[in-house]
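# The sequence and its predicted three-dimensional model are supplied below.
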Amino acid sequence: MANSGVNGGKVRVEGIQTVVPTKPTDPRQLSSRIAATVISSTAALQRRFHVVLCYNKASSDDSGWVVAGRIKESLGRAMQEQPLLAGRLRWCQETDNFLQIVSNDSGARLVESKAEMELGAFVAMEEKREALAQLVFWEDLLHHTPHFSPLFYVQVTNFRCGGYSIGISCSLLLADPFALTAIIKKWANLHSKLVSTNEIPQIPTFYLPNHGTPPSSPSLLMGSNTAKDAAESVIFKIPAKVLDSDSKNLAALCVQEAERDVGRELAPSLSLLVKVTSSDEDDRVEAWSRQGLLECLKLGYSVNGMRCARTWDELGLDSICFSEGNKPVYASCWINSVVDEGSVIVVPSVDQGVQVVVTYT
């Protein structure tokens, strides 16, 4: 049986860098506090959203090495407007019951890697789960010392044909899938503008091939924390804004609808993440049993106009260009799974209503 991974199951890491904002963040920003009294369950800390975008070689001087070098420049500038991307989680000083993200400029990770495979062959693969896991990078957050762990990773993988992929991993405590997609689109537009106006040199300062061949070492198995852990999700969109006080009702309703859609009960345990729009309130992370959450559902509770989907098509990932006119030939995204635990993310928005994501294994 042929190995379904990239490069026979391994991708060689050629370099790892830290990307920080181009200018120091002053004053530092703080996220809304994350009420995390039950976050001792490490599952909530490890929940993240992965995005993989694959691009053909756009020109003779285009390559993943060039793109990665330019990303070092463009992401640093994008972080000036989104400094929490370079931040870290920390336990609040006044109480250990809350986590908070502080924009301390510790940086995101940029991983450059190489796959001995044609991009076209990868795109043509019917089963990509293991291969996709090798195109994103993630290191688990440590419960007692989360301030050591990045919350945002970018991996640029060079394929043998000259095509490349950009893989992005982001903690769901930092950004939900909808907010993250908006950030990526804004960053990609900035990147494309900097390239088109020659604000980034044709050969960027951080161009790995100019720094010589790395010492010989065994290939690093990419995706050791991501392989085979892609979960399935049902995405609900509700046009009318639902008050945060109704979040448990709404979460329970969506779990019920998701079970009806997939034709089976979800995992016995659920993590509930409620994002908020007000700076005066805290995001919440709660642990629930499936049965306990469903018992919160008020008799007769319903929401008019609820729509659901089992794909992320509305995110528009296939239109994201880091080089003008060069759209992805393949795009994919997923939330990671946790054994025997599902998740529900409730994301209210002033102008988009409420979006709820129910993730199951």
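Arrived safely, thanks for sending.
# In the stretch 101-250 of the chain, what residue spans correspond to strands?
Taking DSSP state E, counting those that start in this stretch to define them, one finds strands in the stretch 101-250 of the chain at 108-115, 152-159, 164-171, 232-238.
# Give the other helices and strands that the lowest-mean-pLDDT helix or strand in the chain contacts.
Counting by mean pLDDT, DSSP states H and E, the chain has its least confident helix or strand at helix 42-46, which shows a mean of 77. With contacts taken as 3 or more Cβ pairs under 8 Å, 6 or more residues apart in numbering; DSSP states H and E, helix 42-46 sits against strand 269-274. Where C-beta positions appear, they are placed from N, C-alpha and C, glycine not excepted.
# got the angle between the following helix or strand past the strand it packs on and strand 269-274?
Sequence order places strand 283-289 as the next helix or strand after strand 269-274, per DSSP states H and E. Interaxial angle, strand 283-289 versus strand 269-274 (axes from the mean of the first three to the mean of the last three Cα atoms, to 10 degrees): 160 degrees.
# buried residues in strand 283-289?
For strand 283-289, burial by neighbour count (16 or more other Cβ atoms under 10 Å) applies to 283, 284, 285, 286, 287, 288.
# Let's see the helix or strand that it is followed by as CSV, backbone CA atoms only.
Next helix or strand after strand 283-289 toward the C-terminus (DSSP H and E): helix 290-294. C-alpha atoms of helix 290-294 as CSV (Å, rounded to 0.1, in the frame of the first residue of the first chain):
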residue,chain,number,x,y,z
ARG,A,290,-22.9,15.9,26.4
GLN,A,291,-25.9,15.0,28.5
GLY,A,292,-25.4,17.9,30.9
LEU,A,293,-25.3,20.5,28.1
LEU,A,294,-28.4,19.1,26.4
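# In contact with residue 16, which residues?
109, 110, 111, 112 (Cβ atoms under 8 Å, 6 or more residues apart in numbering).
# Now render those as a markdown table, adding neighbour count and distance to residue 158.
What follows is the contacts of residue 16, written out as a markdown table (neighbours: other Cβ atoms under 10 Å; distance: Cβ to Cβ, whole Å):
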| residue | neighbour count | distance to residue 158 |
| --- | --- | --- |
| 109 | 19 | 17 |
| 110 | 23 | 14 |
| 111 | 22 | 12 |
| 112 | 26 | 8 |
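# List just the nearest of those to residue 275.
residue 109 (24.0 Å; Cβ to Cβ).
# The closest one touches residue 136, doesn't it?
No. Checked against Cβ atoms under 8 Å, the pair residue 109 and residue 136 is beyond contact range at 11.3 Å.
# How about the contacts made by residue 166?
By Cβ under 8 Å, 6+ apart, the neighbours of residue 166 are 52, 53, 55, 67, 71, 154, 155, 156, 322.
# same thing but 10 Å
51-55, 64, 67-68, 71, 135-136, 154-157, 184, 188, 320, 322, 328, 331 (Cβ atoms under 10 Å, 6 or more residues apart in numbering).
# Give me the number of neighbouring residues for the closest residue to residue 64 other than its chain neighbours.
Leaving aside its sequence neighbours, residue 64 sits nearest to residue 164 (Cβ to Cβ, 6 or more residues apart in numbering; 3.1 Å). A count of neighbours around residue 164, defined by other Cβ atoms under 10 Å, yields 29.
# doesn't residue 63 make contact with residue 164?
Yes. Counting by Cβ atoms under 10 Å, residue 63 is a contact partner of residue 164 at 6.7 Å.
# Now do residue 34 against residue 119, distance only.
38 Å (Cβ to Cβ, to the nearest Å).
# When those two are compared, which one has more neighbours?
residue 119 (25 against 22).
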